[in-house]
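# Need a 3D model of the sequence below.
(one chain, ligands or ions: 1)
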Amino acid sequence: METESKTYPKEWKEIERLARGVFEQGRGRADVWTHRDGGAETGSTFRRNVEAFDQLGFEARFIHDVTAPELAVDLMGKRVSCSIAIGPMSSVIAKVCDETFVAMAEGCKEAGIIASCGFPVATDTLRKMVQTGAWAFQVIKPLKDRGKLKAEVERVEQEGGIAVGVDVDSIAGLKATGDEPHFHEICTTYSVKELAEVRSRTKLPFIVKGVLSVEDAIAAIDSGADIIVVSTHAGFAMDYTRSSLEVLPAIRKAVGKRATIILDSGVRRGSDVIKALALGADAVFIGRLALWGLAMDGASGLAWVLKLIREEMARTMILMGIKKVGDLHPGCLVPLGPMGERILESC
Ligand SMILES: Cc1cc2nc3c(=O)[nH]c(=O)nc-3n(C[C@H](O)[C@H](O)[C@H](O)COP(=O)(O)O)c2cc1C
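Numbers count the residues shown, from 1 in each chain. Model prediction:
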């Protein structure tokens, strides 16, 4: 891979424009599922995710000695270059570039972060990703066929996945604006006891993805989750929910140190990552940002996008006078609107 020698745009609008051109060539349904107005039904949840980030700003600190902030952290048992991993995505993204999932794995390997795949994907997807030498995990849908879900969890461990989980917010299927509902026929609800039975099938860190309430966070822990993903599933699960950022502080308070908390939905900048970490997340997942890089130029395009995000994170931390991500806390943030005020009051 020659990311360093290639020239890519540094401006996010230009990266998104290039990616959109690729999606619109009709690559599977990626155009619909990555659309900037995407999200279930009215798109209220989808829009609110981005709005929540916009309503928070930073305490500026310019007189200090911070020049090279430390971004590396431990995540899923690996030392990663920054607090970002790729959110699991299904075969909807298979044609975003050549061999999308392998390209994702290679781009992540170069960037020193963790790759993933969702469900459904081609049966050899995770195996091929792991073969690149990259770290990868998989999140499986809460399948009606409970035996199949357990078998899938065991398969992820056998194939060298570093973590495995269930996206519990898919119980009634998913929907993107302008597309048919998906997956409702194959998904169903799981009780704490049933999730615990799934969890018992693997020694890997267990992820419960799609948590938007303190009650579900506690239920996830009771089922044996090591990692909770506070997420609106990119806005595809339930319309008219609060954004992930709004519910994060209460979930962190309730969970304490009992689980790793990852936030996703609406992360569009390195500065957004810093906001989530300051509110209590251990890391974030990115979905669409990763797709823009992959669409732009496969593995190299993804590595480029990840480099830009890392640079933005470092620059933001310099301008905050913060030496390492572990030093971030809610007091580093300021409200820029009523939603921002409410979020900070809940910390
Ligand atoms: C095209 C696409 C497919 C996705 N497929 C899955 C999936 O199979 N399983 C899952 O848990 N989440 C899935 N997600 C959600 C992502 O894991 C993640 O929660 C979301 O993309 C984060 O929001 P962002 O795109 O605003 O960064 C998908 C997202 C996109 C955009």
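# Name the residues of the longest helix along the chain that come out as buried.
In the chain, assigned by DSSP state H, the helix with the most residues is helix 288-320. Of the residues in helix 288-320, 288-310, 312-314, 316-318, 320 count as buried by neighbour count, 16 or more other Cβ atoms under 10 Å. The way it works is simple: take the backbone N, C-alpha and C, and place the C-beta from them, glycine included.
# who in the stretch 101-250 of the chain is up against the ligand?
With the criterion set to Cβ under 6 Å from any ligand atom, the stretch 101-250 of the chain comes near the ligand through 118-119, 139, 167, 209, 231, 233-234.
# of those, closest to residue 129?
Proximity of those to residue 129 (Cβ to Cβ) peaks at residue 118, which lies at 12.1 Å.
# Nearest to the spatial middle of the protein, which residue is it?
With distances taken as Cα atoms, centre = their mean, the residue of the chain nearest its centroid is residue 285 (1.9 Å).
# and the host helix or strand of that one, which residues are buried?
Using DSSP states H and E, residue 285 sits in strand 283-286. Neighbour-count burial for strand 283-286, counted by 16+ other Cβ under 10 Å, picks out 283-286.
# nearest residue to the residue of the stretch 1-150 of the chain found nearest the ligand other than its sequence neighbours?
Relative to the ligand, the nearest point of the stretch 1-150 of the chain is residue 118 (2.2 Å; Cβ to the nearest ligand atom). Using Cβ to Cβ, 6 or more residues apart in numbering and skipping the chain neighbours, the partner closest in space to residue 118 is residue 88 (3.7 Å).
# That neighbour in helix, strand or coil?
The three-state label given to residue 88 by DSSP: H, G, I helix; E, B strand; the rest coil is coil.
# If we check the ligand, which of the buried residues of helix 288-320 are in contact?
With Cβ under 6 Å from any ligand atom as the criterion, the buried residues of helix 288-320 include residue 288 near the ligand.
# so residue 160 makes contact with residue 132?
No: judged on Cβ atoms under 8 Å, residue 160 makes no contact with residue 132 at a distance of 11.0 Å.
# which of those two has more neighbours?
More crowded of residue 160 and residue 132, by other Cβ atoms under 10 Å: residue 132, with 19 against 13.
# Verify the contact between that one and residue 105 for me.
Yes: Residue 132 sits in contact with residue 105 when judged by Cβ under 8 Å, with a separation of 4.4 Å.
# helices or strands next to whichever strand or helix holds residue 248 in the packing?
Using DSSP H and E, residue 248 sits in helix 244-255. Packing contacts for helix 244-255, counted by 3 or more Cβ pairs under 8 Å, 6 or more residues apart in numbering; DSSP states H and E, involve helix 44-54, helix 214-222, strand 227-230, strand 260-263, helix 270-278, helix 338-345.
# and these, which is most packed in?
Mean neighbour count (mean count of other Cβ atoms under 10 Å) peaks for strand 227-230 among these, with a mean of 28.
# Other residues contacting stretch 89-104?
For stretch 89-104, contacts defined as Cβ atoms under 8 Å, 6 or more residues apart in numbering pick out 22-23, 27-30, 33, 86, 115-122, 125, 128-129, 132, 287, 290-291, 294-295, 297-299, 301-302.
# go with 7 Å
With contact meaning Cβ atoms under 7 Å, 6 or more residues apart in numbering, stretch 89-104 is reached by 27-30, 33, 86, 115, 117-122, 125, 128-129, 132, 287, 290-291, 294-295, 298-299, 302.
# try stretch 115-127
85-91, 101, 104-105, 108, 129, 134-141, 156, 159, 161.
# Which of these fall within strands?
Counted as lying in strands by DSSP state E, out of the contacts of stretch 115-127, are 85-86, 136-140.
# what's near enough to touch the residue of the stretch 201-347 of the chain found nearest the ligand?
Closest contact between the stretch 201-347 of the chain and the ligand, by Cβ to the nearest ligand atom, is at residue 287 (2.0 Å). Contacts for residue 287 (Cβ under 7 Å, 6+ apart) come out as 87, 89, 234, 264.
# do the same with residue 305
Residue 305 sits next to 15, 289-290, 292-293 when contact means Cβ under 7 Å, 6+ apart.
# Neighbours of the spatially closest residue to residue 73 that is not a sequence neighbour, how many?
Nearest residue to residue 73, sequence neighbours excluded (Cβ to Cβ, 6+ apart): residue 83, at 5.1 Å. Other residues near residue 83 come to 26 when the count uses other Cβ under 10 Å.
# where does this protein have its least confident helix or strand?
In the chain, no helix or strand scores lower on mean pLDDT, DSSP states H and E than helix 30-33, which sits at a mean of 66.
# coming back round to it: distance of the residue of the stretch 1-150 of the chain closest to the ligand relative to residue 93?
Using Cβ to Cβ, to the nearest Å, residue 118 is found at 9 Å from residue 93.
# Give me the more crowded residue out of the two.
Applying other Cβ under 10 Å to residue 118 and residue 93 shows that residue 93 carries more neighbours, namely 26 against 22.
# could you measure that one against residue 99, distance?
Taking Cβ to Cβ, one finds residue 93 at 11 Å from residue 99.
# Residue 160 now?
Using Cβ to Cβ, residue 160 is found at 18 Å from residue 99.
# Could you do residue 132 as well?
Distance of residue 132 to residue 99, computed by Cβ to Cβ: 10 Å.
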